[in-house]
Each structure stands twice: as C-alpha cells, then as structure tokens.
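Trainee: Based on what follows, work out the 3D shape:
(chains A and B)
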Amino acid sequence: MPKNKKPQGGRPAKNFDPSYAKGGSKGGPARAGSSKPGSRSEGHRGYRPEADEPRKERWSRDERVATGRAPHRSERDGRDERGPRSYDRNDRPARSYDRDDRAPRSNDRNDRPARSYDRDDRAPRSNDRNDRAPRSFDRNDSAPRSFDRNDRNDRPARSFDRDDRAPRSNDRNDRAPRSFDRNDRNDRPARSFDRNDRNDRNDRPARSFDRDDRAPRSNDRNDRAPRSFDRNDRNDRPARSFDRNDRNDRNDRPARSFDRDDRAPRSFDRNDRPARSFDRNDRPARSFDRNDRPARSFDRNDRPARSFDRPDRPARSYDRDDRAPRRDVDRPGFKESGRRDSSFYPAKEQGNRFAPNDDVVLERLEAQAIQATDADGVSFADLGLGGNVVSALKQLGAESPFPIQAATIPVVLEGRDVLGRGKTGSGKTIAFGAPTVERLMKLWAESGKAGGKRQMGRKPRALILAPTRELALQIDRTVQPIAQSVGLFTTQIYGGVPQQRQVGALQRGVDIVIGTPGRIEDLIEQRRLDLSEVVITVLDEADHMCDLGFLEPVQRIIRHTANGGQKLLFSATLDKGVAALVDEFLVDPAVHEVAGEDQASSTIEHRVFVIGNHEKRDIVAELANREGKTLVFSRTRAFAEDLTEHLEDYGIRAVALHGDLNQSRRTRNLQQLTSGRVNVLVATDVAARGIHVDDIDLVIQADAPDEYKTYLHRSGRTGRAGKTGQVVTLIPRNRQRRMVELLDRAEIDVDFVDMRLGDDFAGELERGAAAVEADAAVETLDAVEAIIEIDDVVEIIEVEEAIEIVETESAAADEELAG
DNA sequence: AAAAAAC
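Mentor: Here you go, the predicted model:
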C-alpha cells in the first residue's frame, strides 16, 4: 500500500536524478542556454541570481504553453500550484517538500489525532529545533548543503570540508543523545554502574528501612497469597529453591566451563540466600491460600517431558523447528526450504553430548566457546586491532574487549566467516564493527589502492544489515567513529527518509553501508547502490533476518555482494534458523559464543503478573508510574498508541514507537527516552531487538510475546552491560500454560504472581529490584572473588550492605588492576 | 501481528 504521498504528483524517483533536473519538466527552456542550471539559492556558490528567475515565471506560463505542457497542467489546478512549488524547491526544496508531504500526510492519515499529538510534540520539536536552529536555517538557506553535510559526503569531496569537520562535530553535538551516551560510557567506569547503584542505594537506605518493614509487608500482604499460589505450583518453590538447585546445575555448568570452581563460592553465597528463602517462608502461607494451582501442577507434569527435551538441546533447536510449525502455520514451508539440508547443523548433532549439562554444552559442541575470564587482561590491540581503531573504541567507552569481542575479533580479522552469539547487551556491535573496519583497511592496503584519500564514487566494500531503522542508526553511531578513525566513511541506507542524502553519499563514495533491507534493495534496483565490491557482509540480528519476510530480500541483497565475500552473522539468539543463509553464503564458518552465558542473566529479574485483561492498561500505568526509564511492549501498533494515550491521561509522560509513525517521530520519540525527557516508551517489537538505551530498569510486556526469542530480546533491553533490571510480563489467566512453555524454552525461571488493581505494584517492583541487585551482587562477588574473602559476605545479612561491600571491593580491585 | 521501500 502506498504509504507515502507523492508531493508533486509526478515522478518522485527522478527528483534526485541530475539528468532529470536538466531536461525534465523542472528544467525547462529557460535553461537551454546554460550548461548548468546553477543554484537558485542565495549564498550558494553556484547561485545564479536573476537570469533564471524571471524565466521561471515565463516558463511556468508561456513556456508551458509553448511546449504543450500547459494543457496538461491546466487540467489540474491543484498541480498548477504545486508546479510552482517545485520551482520553489529549487529555492528552498526542503520547505516545499516538507509541506507538501505534510499536507498529504495529514490528509491521508485518518489518524489525525496522532497528528494532533504530533503538534503537541511539536512544541518539543520547536525546542529541538532551537537546538537544531542552525540546521533548519541552513536548510532554509540551502537545504542541499545541510543535507549534504549530514551525509558527510560533501566533506570528503571538498577538501575544505574536512576543515568543516568541525560542523560534523557540530552534528554530533546535535546528536546530543549520542554524545550523552558516550559520556555515559566514558563515565561508566566512573559510574561503574555500581555508583549509579550506589546512588540508588543511597536512596534505598530508606528502602532498607522498608525492609525492616518488610515483615509487616509480608504480613500485610494477604494479597501475596496469589504469589504463593504460583509458588505452590512450584511446590515447588522448594522447586525454586530447586531452581537454585538449577543454579547448582548451572554450577554444574560452571563445571563445564571449569571457570566455576569459583561457583563453589557461589553456593556459599547461597547460604546467604536462605535469608531470602526466609522471606519465602512467608510466602508459603500465602501459597496455601491458593488451591487453584493444581492445574499448574498439571502443567508441570508436562514440564518433565520438556525437561527431557532439554538434555537434547541440539534437539531443542530441532524441536524448535518442529515447534515452529506448531506455533506458526506459515513456517512449515519456510523450514522445509532447506534447513534440514544444512550440513552445518548436522555437525551439531554429531557433537551432541548427552551430558547432564544443558543446551549450553551442546551449543559448545557447535561453537567455540570463549571463557569470560579468557578476555581478562586482553586488550583490543592484542586482538589485532590497529591503534586508530583502538583509540576510537576508547572514545566510545570500550576500554577493553568484552568476551564476545575477544572471541570474534581475531577470527573476523583472519577473514573467516563467523557466527557470533552473545547475549543481549554483551557488545556484539563492536564485536563485528571494529574488525570489519580494521579488515577493510588491511584489504585496502593489500590491494595497493590505498592512497589515504577518499575516492569519489568508490563503491562500498562492507555492508551491515539490520532489521530496523533505529538499529541501523544505532550501529552507525558505533561504527562511524571507528571507521572515521582510519579515514573510512559510512552511510546509513534506510527507508522513511528522503533518498537524496543517501544517494548523494553513495555518489561521493562510501566504504561501509549500514542499513535496512528495503531501501538498500530499492537503491540497488535504481542502480544507485552497487554492492559488487562488498567483501564483508554483516547481518545483525541474523536469526531475525532469516524470518519470514526478511529472508528473501536479505538473500537477494547478499547475492549482489562480491562472490566469496566474508559473512558475519550475529545475534543473541543465533540458532539454526540461519541455516538457509549459512548454506548458501558461508564457507566453513567459525561459531563463537561466550561460555556459560545464557539469557537467564542474574542482572534481570523476571516476573509474570497474571491479571484480568480489562485491568491491563491501568496496571501498566501503575507499573510505569515511577522514576527510572520504562519500556513497555505491545503486540500491535494500535495498542501501543492506545497505551501511550492512556498513560498520558494518567499523567505519565510517555511516547510511542511503532511503524505507524513517520521516521522523524520514531527517531525523536526514541531520542526522548534516551535523553530522559520522557521516562516511558511504549513500543511494538520494532524496539525489541538491538536498541540500546542506557538505564532502562523496567521492561513491561503489556502483551506477552509469542516466541521465546522475542521474550529474550525484549527483556534484553534492560540489564545491559552489567546493570540490573526487571521484566514484568502481563498475561491473562488463560495464557499461563502458554507462558510457562515459552519461558521454558527461554530457560528463564519466573515467578507467576496474581495481581489486580489495588495491589501494591510499587512494592512489587521494589522487591524485584532488591532481589536482582542481590543476585547481581553475588555475580559481582564472583568477579572479584580473588580479592574478597567469601566469609566476609556470608556474614552479611542486609543485601544493601553486601552490595556496598562488593562494590567497595570491586572498586579497590579495579584500582589495583589499574595501578 | 509486526517489521521492512514508496523517492
């Protein structure tokens, strides 16, 4: 469906075609005598003042008649007006386009309420524009210029442009959010996240007092009974304690990793947990309240079977293929398309061990697992990255490599195809971005073409594909500085914005293209993008890019790249779903992951609230009514909009992010969350993957996801880079079984809690925060275990105190290491 | 149902 209006009614695609400007309806006879049209905007170097303009008028009338165009246009009065506007475009293209676009948009969009919202937002926009003021002025004066600068294309071309790079830095100033991010990253050591926590904890002292109160809370909360019910299911909570046994299992996993000789201490730590269990002792009483759970216990009867499945987790992946059919009728055909033939996955089967270990072990069989500790003491330079790249990474706040980076960077530099799996927030972007830049430089040098100068019109040699525009932008934010550090150029190619800048950038020459499939394919078809020299292709969120609807465009795009080019596939949930691509494009790929990492991160507290659907919106408001950044997921765009509205009615500042918004609003709304102007973002799954916003400490799934992968990615928006966060999923009662199954696949252990309006949601969130912080403290303890005496912690009763000690020790350890 | 193109 034609989403976009054609402002000029005519031939949109040619607006950016130089030949069109000369000979098309825009050009007109008035220009017959001049070899070049010249600029019509004052201040432009090529500005041609009077000669053209009077002729414009003539052309628009007399000339039209003379050329036989008058009748055509006169038939459409509206377009007659628009025609002149297009002339205006020469004078101030940006304006006329925008307005033309806007009018149709408003007309087209029956969602004018949304617009009205836009206008509400526009005030902020105007504020933004105050910031952007220079830009907007530039556009009015010479839109093309400002666009060009955004593209950075002009600069390369113009040697002067490099002098102008200050403007680039200005752009980045405009990118304030980015700079903030970087600042944050720079600060992160300082903040050491811990400090943020500390601040929180400074606040929390009050909380700790609350905890003194907690006895009353638990007493007070007869309401918790529902919770206990859940736990009754879990009889379970012993079972949960068993869960801890599961953790023991994980300890077994450690055994796997061998790393976890350390985990023994953890078990000691768990001696601390008894205290928690004491809390839960309170809960049992509650659980007695709920006799409802028998049904749940039945579910668990099902679970055993599942657990059987788990031994075979390679099987799982296979199961998932099988499951796909179950879940999604559409998928069967897709699966049949070739997954079974994969030579890659069969290898997994061969390696399949039926050790007591979970699928993690099985994955190891297929993947080279790096121990998290293996990255300790390793620098980016050690991994093979050059000095410029290393310093650029430092500027980005990446002082030393994360495990996934340590694992994949050397392999990428070797030129091998790589499949990389690292959990959400583990640093995958740098894991592929930095070595891609480095390798491009190496290849360039080897080819002898390296001259250090940007060559006009040279073709891109690397391509990074992402599933959403926001993610593509975010990747560019990371990769662009790295590329710039060695004199390479990147550009974003994604839809929803005018092509002009993107095409202009490509014409000036770009080394790395970062974008989304739609526009990339569009530009390929228009022959404005030539991928024939692309020797490195990266698929971020690769498994998603292999989903129905994405796979085929992605395949077509990759086929346009150089034969035998290097392929890098990354995702937190990389699974055999990528077999279709692996089989066609990859050669003997190296598979890397981080040992012992699973999504059931101790930095994220997961809970499911079983609610009445009619109370959902109010409950979301109750949960979101807090300090701290909250991300709310909705299944549909309409409900996202509805929820946003409801939250606003509730007095909670919230913005939406979904595909029904135009790109500028999408970008702005996301930026508002990033900058902290708004604390609540209500999004569809457009924001499920990859998007990084610092300090989101609560993810609310107003609609439960259908796939475990979606659950993992959504929840991965919080608890990033070692910070803690909570995930609350709202489900109706009749969805409990499905949810249990989904969580089972995701390997996440979750408490189900019956909740209704009037319950203490804030208290629930506080409890969750305390619990996850305690877990995180234990993890942190593992990290600094060599320095801390475990007994020191065992004696700690107050979680806050434990955290404080751990942080102090951690800081001391850091200093020691640094010194 | 959502995402990804529509200048």
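Trainee: remind me which residues of the stretch 401-550 of chain A are low pLDDT?
Mentor: Low-confidence segments of the stretch 401-550 of chain A, defined by pLDDT under 70: A:448-455.
Trainee: And the stretch 701-819 of chain A, by the same measure?
Mentor: Using pLDDT under 70, the stretch 701-819 of chain A drops low at A:779-807, A:809-819.
Trainee: Show me what residue of it gets nearest to DNA strand B.
Mentor: Closest to DNA strand B within the stretch 701-819 of chain A is A:Asp706: 6.4 Å, counting by CB to the nearest atom of the strand. The way it works is simple: take the backbone N, C-alpha and C, and place the C-beta from them, glycine included.
Trainee: how would you label that residue: helix, strand or coil?
Mentor: coil (DSSP: H, G, I helix; E, B strand; the rest coil).
Trainee: Number of residues surrounding it?
Mentor: A:Asp706: 14 surrounding residues under other CB atoms under 10 Å.
Trainee: same deal with the one 10 residues further on?
Mentor: Other residues within reach of A:Gly716 by the criterion other CB under 10 Å amount to 26.
Trainee: Surely it and A:Gly425 touch.
Mentor: Yes. Checked against CB atoms under 8 Å, the pair A:Gly716 and A:Gly425 is within contact range at 6.0 Å.
Trainee: would you say A:Ser391 is within a helix?
Mentor: Yes. A:Ser391 forms part of a helix when assessed by three-state DSSP.
Trainee: tell me the contacts of it?
Mentor: For A:Ser391, the contact set (CB atoms under 8 Å, 6 or more residues apart in numbering) comprises A:Ser485.
Trainee: now whichever residue of chain A sits closest to DNA strand B, what's its secondary structure?
Mentor: Of all residues in chain A, A:Gly518 sits closest to DNA strand B, at 1.8 Å by CB to the nearest atom of the strand. Three-state call for A:Gly518 (three-state DSSP): helix.
Trainee: And it, how close does it get to A:Asp751?
Mentor: A:Gly518 sits 41 Å away from A:Asp751, going by CB to CB, to the nearest Å.
Trainee: what about these two, which has more around it?
Mentor: Using other CB under 10 Å, the more surrounded residue of A:Gly518 and A:Asp751 is A:Asp751, with 20 against 14.
Trainee: Please report phi then psi for that one.
Mentor: phi -80, psi 130 (degrees, to the nearest 10).
Trainee: What residues does the closest residue to it other than its chain neighbours make contact with?
Mentor: Nearest non-adjacent residue to A:Asp751, counting by CB to CB, 6 or more residues apart in numbering: A:Arg607, 5.1 Å away. If a contact means CB under 8 Å, 6+ apart, then A:Arg607 has A:726-729, A:750-753, A:764, A:768 as its contacts.
Trainee: Nearest residue to the residue of chain A closest to DNA strand B in space, ignoring adjacent ones along the chain?
Mentor: A:Gly495 (4.9 Å).
Trainee: Tell me how many other residues crowd the residue found closest to A:Pro517 once you drop the neighbours it is linked to in the chain.
Mentor: In space, and not counting its chain neighbours, A:Pro517 is closest to A:Pro553: 4.3 Å by CB to CB, 6+ apart. A:Pro553 is flanked by 16 other residues according to other CB under 10 Å.
Trainee: Next, the buried residues of the helix or strand that contains A:Pro553.
Mentor: According to DSSP states H and E, A:Pro553 maps onto helix A:551-559. Across helix A:551-559, burial judged by 16 or more other CB atoms under 10 Å covers A:551, A:553-555, A:557-558.
Trainee: Distance to A:Val632 and secondary structure for the contacts of A:Arg607 - can I get that in CSV?
Mentor: Below are the contacts of A:Arg607 laid out as CSV (distance: CB to CB, whole Å; DSSP: H, G, I helix; E, B strand; the rest coil):
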residue, distance to A:Val632, secondary structure
A:Gln726, 13, strand
A:Val727, 11, strand
A:Val728, 10, strand
A:Thr729, 11, strand
A:Val750, 18, coil
A:Asp751, 20, strand
A:Phe752, 20, strand
A:Val753, 18, strand
A:Glu764, 16, helix
A:Gly768, 16, helix
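Trainee: Pull the helix or strand hosting A:Thr710 out as CSV, backbone CA atoms only.
Mentor: Here A:Thr710, judged by DSSP H and E, is contained in helix A:708-715. Coordinates of each C-alpha in helix A:708-715 appear next as CSV, following Å, rounded to 0.1, in the frame of the first residue of the first chain:
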residue,chain,number,x,y,z
TYR,A,708,10.7,-17.2,23.4
LYS,A,709,13.2,-15.3,21.3
THR,A,710,11.0,-12.2,21.4
TYR,A,711,10.9,-12.6,25.1
LEU,A,712,14.6,-12.7,25.3
HIS,A,713,15.2,-9.7,23.1
ARG,A,714,12.6,-7.6,24.7
SER,A,715,13.8,-8.3,28.2
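Trainee: could I get the buried residues of helix A:551-559 as JSON lines with pLDDT?
Mentor: Listed next are the buried residues of helix A:551-559 as JSON lines, based on pLDDT from 0 to 100:
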{"residue": "A:Leu551", "pLDDT": "92"}
{"residue": "A:Pro553", "pLDDT": "93"}
{"residue": "A:Val554", "pLDDT": "94"}
{"residue": "A:Gln555", "pLDDT": "94"}
{"residue": "A:Ile557", "pLDDT": "95"}
{"residue": "A:Ile558", "pLDDT": "95"}
